[in-house]
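**Q** Build me a structure from this.
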Amino acid sequence: MRRFSWSLVSLALVVLPTLLPAQGGGLRDKISQLFIFTNGKDPLFLGGTAGSDSATAIHADHFVPAANADNGSLISFISSAISQNVGNLPVSATSGGSTFRFEAGVPVPTSGSPGAVFGERAPTLGRGRVFVGANINRLHFETLRGVNLHDIEMTFTHENVTGPACDSIVGQSCTPYGVPTHENDVIDLRLQLDIDMTVTSFFVTFGLLDRVDIGVVLPIVSTSLRGTSDAQIVPFGGTTAQHFFGGTAANPELSTSRFVEGSATGVGDIATRVKINVMRSERTNFAVLGDIRFPTGSADDLLGAGHIAARGLGILSARFGAFSPHANVGYLFRGGSSQNSAVLATVGFDHVMAPWAAIAVDLVSELQVGESKLRLPGTVTYDLPFRRTLQPTNIPSERDDVINGSFGFKFVTHSGLTLVANTLWPLNRGGLRPNLLWTAGLEYNF
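**A** I've put the predicted structure just below:
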C-alpha cells in the first residue's frame with residue numbers, strides 16, 4: 001500500500017504542474033521597453049525631435065540601434081544576460097537516502113547518509129528502488145558581473161553621420177567621429193532592476209538496474225520583474241537644440257524615465273538523467289552521469305534558457321564511516337549562439353551527525369569555456385573637436401565563471417521522509433547572481 005500511495009504521489013507531482021498556465025508574459029520584451037521612450041517606436045527613438053520642425057526632425061533616429069550598432073549590442077547584452085542566466089540554476093542530486101546493491105537477491109546498503117544536496121555521489125539506488133522528492137528554490141538576483149542591478153550605468157552614443165549631404169551642410173568632411181559637433185551628444189541611462197525567482201522542482205529517480213538509475217526533473221518557475229530607467233540627454237558643450245525627448249527646440253525636455261513590471265509562471269526546462277555505476281568497492285565508487293535539459297521553459301518569459309543543454313559527469317565518492325566525500329568533474333554543453341559551454345567541478349562531503357541528521361557541504365563551480373559570447377561594445381573614440389574616449393557601461397567585459405558554496409542539512413523522520421534545508425552562496429560575481437539561494441525540500445525513497 002505504501003508503494004502504491006507514493007507512486008500516486010510521484011505521478012501527481014510530475015503531471016499536475018504541467019497543467020499550470022503561464023501568467024503574464026513577455027518579460028524579456030519588458031526589459032527592452034525600458035529603452036523605449038516613445039510608444040510604438042524603436043529603442044532610443046527621440047519622439048520629441050520627431051514631432052518638431054523639419055530642421056530638427058532628422059535627428060530622431062540618430063541613437064536607435066539601427067543607426068548605431070553599439071547601442072543595439074548594449075541593449076541586447078542586458079536582455080540576453082538575464083534570460084540566459086535564469087535557466088541555469090542547479091538541480092538536486094539524482095539520489096538521496098539509502099542506496100543498495102544486491103547480492104544473491106539480498107539488498108546490501110552502499111551508503112550511510114542521506115546524501116548531498118547539489119553534489120552527486122556514485123552509488124546507485126538499486127534495482128527497482130525509487131527516489132522521489134520536491135524542493136523550492138528562492139532567490140533575488142542582485143548583481144550582473146559584480147555590478148549592482150540597482151546601479152547599472154549605460155551611455156548611448158550618436159550615429160556617425162557621413163556622406164556628401166552632411167559634408168556640404170557642415171562645410172567639411174563628416175567622416176571623423178564628432179563632425180558635426182552634435183555627434184558628441186550622448187544619452188546617459190541609469191537602470192534599476194528587481195528580479196525575483198521561485199523554482200519548485202519535482203523529481204523522481206528509478207533504479208532501472210542494480211547499477212543504472214534513470215530520472216526526470218520537472219521545474220515550475222515563477223519569475224517577477226520590476227525595472228526603472230532614468231535617461232538624460234547630455235549635450236556637448238552644455239546646450240542643444242538638436243536632440244530631446246519632448247518639448248520644443250526652444251524648451252527641450254532632456255530627461256525622462258520609464259517603469260515596467262510583470263510576472264510569469266510556468267514549466268521550466270525539464271531535465272532527464274541517467275547514472276551508471278562502473279566501479280564499486282566497500283569504500284569507493286565511481287559512476288558516470290549524463291543529463292539533458294530541454295528548452296521547455298519560455299525564454300521570453302524568463303522561465304528557461306531557450307536552448308538545449310547537456311551535461312556529462314564523472315563521479316567519485318568514498319565512505320569512511322559517517323564521513324562521505326565526493327568529487328564531480330564534467331562538461332556542460334549549451335546550445336545557442338550566445339551561450340558558452342562550461343567545465344564543471346564540484347567537491348564536497350556529507351557527514352552523519354546523528355541517526356536522524358546529516359550535514360552536506362559542497363564547492364560547486366562552473367568555468368566558462370572560451371571567450372564570452374555575450375559581447376559588450378568596446379571603448380568609443382571621438383576624433384573631434386578633440387580626441388577622447390568613452391566607456392559605454394560600468395558592466396565589465398569579463399568571464400562569467402560561477403563558483404558557489406553550498407551548505408545544508410538533511411533530517412530523517414521516523415516515517416522515512418527526509419527534510420532538506422540548504423543555502424547556496426556566491427563566492428565570485430560572474431554572470432547574473434543572487435546574494436543567497438535557499439532551498440527547502442522533501443525526499444523519500446522506497
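
**Q** show me the contacts for residue 405.
**A** 361-364, 424-425, 427 (CB atoms under 8 Å, 6 or more residues apart in numbering). The C-beta positions use only the backbone N, C-alpha and C, and glycine is treated the same way.

**Q** Most neighbours among the residues you listed, which one?
**A** Within these, most neighbours by other CB atoms under 10 Å means residue 362, with 26 neighbours.

**Q** Quick check: that one touching residue 121?
**A** No - counting by CB atoms under 8 Å, residue 362 does not reach residue 121; the two are 10.9 Å apart.

**Q** just the strands in the stretch 151-300 of the chain please.
**A** 152-157, 186-209, 212-234, 246-247, 252-253, 255-267, 271-280, 284-293 (DSSP state E, counting those that start in this stretch).

**Q** Out of those, which is closest to residue 395?
**A** Among the strands of the stretch 151-300 of the chain, the nearest to residue 395 by CB to CB is strand 152-157 (6.6 Å).

**Q** Spatially nearest residue to residue 150 (excluding sequence neighbours)?
**A** Distances taken as CB to CB, 6 or more residues apart in numbering place residue 192 nearest to residue 150, at 4.7 Å, with adjacent residues excluded.

**Q** who's the one you found bridged to?
**A** Going by DSSP bridges, residue 192 is paired in beta bridges with residue 228.

**Q** Could you report the neighbour count for it?
**A** Counted with other CB under 10 Å, the neighbours of residue 192 add up to 16.

**Q** for residue 29, same thing?
**A** So residue 29, with other CB under 10 Å, has 13 neighbours.

**Q** gap between it and residue 79?
**A** 9 Å (CB to CB, to the nearest Å).

**Q** ok, the most centrally placed residue in the chain to residue 215 distance?
**A** Against the mean C-alpha coordinate of the chain, by CA atoms, centre = their mean, the closest residue is residue 85 at 1.3 Å. For residue 85, the distance to residue 215 (CB to CB) stands at 25 Å.

**Q** cool, residue 437 as well?
**A** 22 Å.

**Q** Residue 335 now?
**A** Noted for residue 335: a distance of 22 Å to residue 215, by CB to CB.

**Q** Residue 372 now?
**A** Relative to residue 215, residue 372 is positioned 32 Å away (CB to CB).

**Q** Neighbour count: those two, which is higher?
**A** The residue with more neighbours, out of residue 372 and residue 215, is residue 215; 24 against 19, by other CB under 10 Å.

**Q** who's in contact with the nearest residue to the more buried one once chain neighbours are set aside?
**A** Closest residue in space to residue 215, ignoring its immediate chain neighbours: residue 205 at 3.5 Å, by CB to CB, 6+ apart. Residue 205 makes contact with 94-95, 125, 130-132, 213-215, 273, according to CB under 8 Å, 6+ apart.

**Q** give me that answer again for 6 Å
**A** 94-95, 131, 213, 215 (CB atoms under 6 Å, 6 or more residues apart in numbering).

**Q** Quickly name whichever of the contacts of residue 405 is closest to residue 398.
**A** Among the contacts of residue 405, and counting by CB to CB, the member closest to residue 398 is residue 427, at 15.6 Å.

**Q** In this structure that closest one contacts residue 403, no?
**A** Yes - with contacts counted by CB atoms under 6 Å, residue 427 reaches residue 403, the gap being 4.5 Å.

**Q** which residue of the chain sits farthest from its center?
**A** Outermost residue of the chain (CA atoms, centre = their mean): residue 171, 50.7 Å.

**Q** Ignoring the adjacent residues along the chain, who's closest to residue 183?
**A** Spatial nearest neighbour of residue 183, chain neighbours left out: residue 158 (4.6 Å); criterion: CB to CB, 6+ apart.

**Q** is it true that that neighbour touches residue 62?
**A** Yes - judged on CB under 6 Å, residue 158 makes contact with residue 62 at a distance of 5.3 Å.

**Q** Excluding covalently adjacent residues, which one is nearest to residue 31?
**A** Leaving out its chain neighbours, residue 31 is closest to residue 79 (CB to CB, 6+ apart), at 4.6 Å.

**Q** quick one: contacts for the one you found?
**A** The contact partners of residue 79, taken as CB under 6 Å, 6+ apart, are 28, 31-32.

**Q** got it, and residue 308?
**A** Per CB under 6 Å, 6+ apart, neighbours of residue 308: 295, 335.

**Q** rerun that using 7 Å as the cut-off
**A** Contact analysis of residue 308 by CB atoms under 7 Å, 6 or more residues apart in numbering lists 292-295, 335.

**Q** Can you find the helix or strand of this structure with the lowest average pLDDT?
**A** Of all helical and strand segments in the chain, the minimum by mean pLDDT, DSSP states H and E falls on helix 2-15, at a mean of 45.

**Q** Only the buried residues of the lengthiest helix in the chain, if you could.
**A** Ordering each helix of the chain by length in residues (DSSP state H) puts helix 69-85 first. Burial within helix 69-85, assessed by neighbour count using 16 or more other CB atoms under 10 Å, is assigned to 70-85.

**Q** From residue 291, how far out is residue 212?
**A** Distance from residue 212 to residue 291, by CB to CB: 14 Å.

**Q** and these two? which has more neighbours close in?
**A** Legend: neighbour count by other CB under 10 Å for residue 212 and residue 291, higher for residue 291 (21 against 16).

**Q** So the more buried one versus residue 441, what's the distance?
**A** 18 Å.

**Q** For residue 279, give its distance to residue 336.
**A** 35 Å.

**Q** what's the neighbour count on the nearest residue to residue 330 once chain neighbours are set aside?
**A** Leaving aside its sequence neighbours, residue 330 sits nearest to residue 313 (CB to CB, 6+ apart; 3.6 Å). By other CB under 10 Å, 21 other residues sit near residue 313.

**Q** What of residue 370?
**A** Burial of residue 370 is recorded as 9 neighbouring residues (other CB under 10 Å).

**Q** and it, what does it touch?
**A** Residue 370 neighbours (CB under 7 Å, 6+ apart): residue 340.

**Q** Could you look up the SS state of it?
**A** For residue 370, the assignment made with DSSP: H, G, I helix; E, B strand; the rest coil gives coil.

**Q** For it, give its distance to residue 433.
**A** From residue 370 to residue 433 the distance is 21 Å (CB to CB).

**Q** same check, this time on residue 190
**A** Separation of residue 190 from residue 433 (CB to CB): 20 Å.

**Q** Look at those two and report which has more neighbours.
**A** Taking neighbours as other CB under 10 Å, residue 190 and residue 433 compare with residue 433 leading, 22 against 16.

**Q** Look up how far residue 76 lies from the more buried one.
**A** 20 Å.
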